[in-house]
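> 3D model of this:
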Amino acid sequence: MRKTLLAITILTVSVALAPACASKGFVREEVGTVNAKVDTLGATLSSTIEQTQQRVGENETRIGAVDQKAEAAGLAASGARSAADQAAAAASAVNGRVDAVDATMRRLVYSVTLSEDQGNFPSAGTELPAAAKARLDAVISDLTANPQNVYFEIEGHTDSTGSAAGNERLGLARAESVKAYLYEQHQVPLHKMNVISYGEDRPAAPNDSREGRAQNRRVVVRVLS
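Numbers count the residues shown, from 1 in each chain. Predicted coordinates for the structure are as follows:
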């Protein structure tokens, strides 16, 4: 009877312990699998990080090369602008000398003065009066009858009334009105006319009288050949 009970007890204990042993083995197996996956993931992640760092380094190198090229291009452009500016300044100086020589070589054919004392340009006026237009028509008629290569220098003058800057503008406006009339009415080429304002700086008479101021409000047209 005792033997039978012992056998039953051992069998019971064996049955109870068997699942426990099986569970521990399963756990060990699963843990091993997880560890393997973690190791694989870690290796993959490490490789990815290394590749990313390598790409970042390559990109930084490319960016540095691009920056150097951009800087070199900027320096080249700056040098080109400087060279262009110097060339433009040199060309302007040459043109100025050519114009000066050309003006020196030209011969004065005659000049016409349009002033208020002759019925033209009232005080502060810029509009070309009818009498002034008639005198310009006569000049063009004479040139047409005796054709020659001529050039017009048109000077604007004022009296001393008002500010110097205002008189400078007023003299220029008077000269421009003569230039516009010659171009629009007689088709004189623009490149054959030059305007300049002397303002109050070159009076033809003293400004201390009404008559003197009237003479100073004038436009002088010089015909050169």
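
> any idea which element residue 214 lies in?
Using DSSP states H and E, residue 214 falls within helix 210-216.

> If you count contacts, what does the next helix or strand after that helix end up packed against?
Per DSSP H and E, the first helix or strand lying C-terminal to helix 210-216 is strand 218-224. Where contact means 3 or more Cβ pairs under 8 Å, 6 or more residues apart in numbering; DSSP states H and E, strand 218-224 is packed against strand 108-115, helix 130-145, strand 151-157, helix 164-186. From N, CA and C alone the C-beta is placed, and that goes for glycine too.

> report the angle between the axes of the longest one and strand 151-157?
Relative orientation of helix 164-186 versus strand 151-157 (axes from the mean of the first three to the mean of the last three Cα atoms, to 10 degrees): 140 degrees.

> Pull helix 164-186 out as CSV, backbone CA atoms only.
Output of helix 164-186 as CSV, limited to C-alpha atoms (Å, rounded to 0.1, in the frame of the first residue of the first chain):
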residue,chain,number,x,y,z
ALA,A,164,21.1,130.8,-59.1
ALA,A,165,19.8,127.2,-59.2
GLY,A,166,16.4,128.4,-60.5
ASN,A,167,18.0,130.6,-63.2
GLU,A,168,20.1,127.6,-64.2
ARG,A,169,17.0,125.6,-64.8
LEU,A,170,15.2,128.5,-66.5
GLY,A,171,18.1,129.0,-68.9
LEU,A,172,18.1,125.3,-69.8
ALA,A,173,14.3,125.3,-70.4
ARG,A,174,14.7,128.3,-72.8
ALA,A,175,17.5,126.5,-74.8
GLU,A,176,15.4,123.3,-74.9
SER,A,177,12.4,125.2,-76.4
VAL,A,178,14.6,126.4,-79.3
LYS,A,179,16.0,122.9,-79.8
ALA,A,180,12.5,121.4,-79.8
TYR,A,181,11.3,124.0,-82.4
LEU,A,182,14.2,123.3,-84.7
TYR,A,183,13.6,119.6,-84.5
GLU,A,184,9.9,119.5,-84.8
GLN,A,185,9.4,122.3,-87.3
HIS,A,186,12.5,121.9,-89.4
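
> what does that helix rub up against?
114, 121, 124, 126-128, 132-133, 136-137, 140, 152, 154-162, 188-190, 193, 195-200, 219, 221 (Cβ atoms under 8 Å, 6 or more residues apart in numbering).

> Make a PyMOL selection of the buried ones in these.
The PyMOL command for the buried members of these (criterion: 16 or more other Cβ atoms under 10 Å) is given here:
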select buried, resi 114+121+126+128+132+136+152+154+155+156+157+158+159+160+188+193+195+197+198+199+200+219+221
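
> picking that back up, just say which of the helices and strands packed on strand 218-224 is most tucked in.
When you average the neighbours per residue for each of the helices and strands packed on strand 218-224 (mean count of other Cβ atoms under 10 Å), strand 151-157 leads with a mean of 22.
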